[in-house]
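A.B. asks: predicted model follows, preceded by the sequence.
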Amino acid sequence: MAIKGDAVGLYLAAKEIIVFDCNIFITQPTVEEVLKLGETSFLQAIQYISRTSESFAVVKNDNDDIGILSDLQLLLLIYHNEPLVRADIDNFFDLVFPRYVVKVTENSIDFLDPEDSTIKGRVTPFNFESLQTICLDLFLPMSQQEKQYNPQGDKAQEIAEKLKKGREEKARREGGLDEPQSLYGTELSILSVGLQISINDLAKNTLFQLNDMFMRFLAKMRWDQYFDMATIPFADSSKLEEPEYWTSNIYSW
């Protein structure tokens, strides 16, 4: 993960983030707003938008016609044919684009002024990558987990079965199980105890703020553990690997 320039400061300030290529503003939701919407739905939408090819790799690889589509074309195709994917994405748009009416067409995602319906911004295959990158940086922590969904309908079920087979194969290769858990709930719980801050207060932070605190907290723990072991009297610490100092730039590691 690497976020360059002054983006980290801007993201941490919890301000609206402009996606210049698309001419749209992203509003950063708080953790409690995401949890109220539904964490699984939110993280699924991020996967669909920011990692489109990976999310639908099995479907894409099984169909030559679909395989030649760009990420946005693939997303729009599945959006218009799979109700639960569409619901997750619509909920995500409602949460992070409250200043617009979002219209998903066959070829683009349009952002309309709610008062006069004029188009203020547009996502096309040519600028979709900018939106993908910013959503990934803003909303997903380094240790992001895959989630699964259970769509309804024949077309949706066909897609779901292919995705399920892909997940099962991945789990077999890694020798693990895909166990759902609350990503942000875990971070809130750990930080609340570790920093002695109320969970309710932590939940008022944006996702980027929470993820930043969590990464910084883990970095300090690693450094403290290294320092404690390296300063044990008469102990051989030559084989200890020194971690990055916890105050350094965690977004360049």
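C.D. replies: Everything's here; your move.

A.B. asks: use CA for all of it now, contacts and neighbours both
C.D. replies: Fine.

A.B. asks: who's in contact with Glu106?
C.D. replies: With contact set as C-alpha atoms under 8 Å, 6 or more residues apart in numbering, Glu106 has these partners: 76-77.

A.B. asks: would you list the phi and psi of it?
C.D. replies: When read as degrees, to the nearest 10, the backbone of Glu106 gives phi -70, psi -20.

A.B. asks: how near is it to Glu32?
C.D. replies: Distance, Glu106 to Glu32, using C-alpha to C-alpha, to the nearest Å: 33 Å.

A.B. asks: does Arg216 touch Ile250 like I think?
C.D. replies: Yes. The pair Arg216 / Ile250 is scored as a contact, 7.3 Å apart, by C-alpha atoms under 8 Å.

A.B. asks: any idea how far Asp236 is from Ala230?
C.D. replies: 8 Å.

A.B. asks: out of these two, which sits in the busier spot?
C.D. replies: Using other C-alpha atoms under 10 Å, the more surrounded residue of Asp236 and Ala230 is Ala230, with 18 against 11.

A.B. asks: three-state assignment of the closest residue in space to the more buried one that isn't next to it in sequence?
C.D. replies: Leaving aside its chain neighbours, Ala230 sits nearest to Ser237 (5.2 Å; criterion: C-alpha to C-alpha, 6 or more residues apart in numbering). When classified by DSSP: H, G, I helix; E, B strand; the rest coil, Ser237 comes out as coil.

A.B. asks: what's the burial count for Ser237?
C.D. replies: Other residues near Ser237 come to 15 when the count uses other C-alpha under 10 Å.

A.B. asks: do a quick rundown of the helices in the protein.
C.D. replies: With DSSP state H as the criterion, the chain has helices at 7-12, 31-37, 39-50, 52-55, 57-61, 64-67, 71-81, 83-96, 128-139, 154-174, 183-195, 199-202, 207-230.

A.B. asks: contact partners of the longest one?
C.D. replies: Counting contacts by C-alpha under 8 Å, 6+ apart, the residues outside helix 207-230 that touch it are 11-12, 14, 28-31, 138-141, 187-188, 191, 202, 236-237, 240, 242-247, 250.
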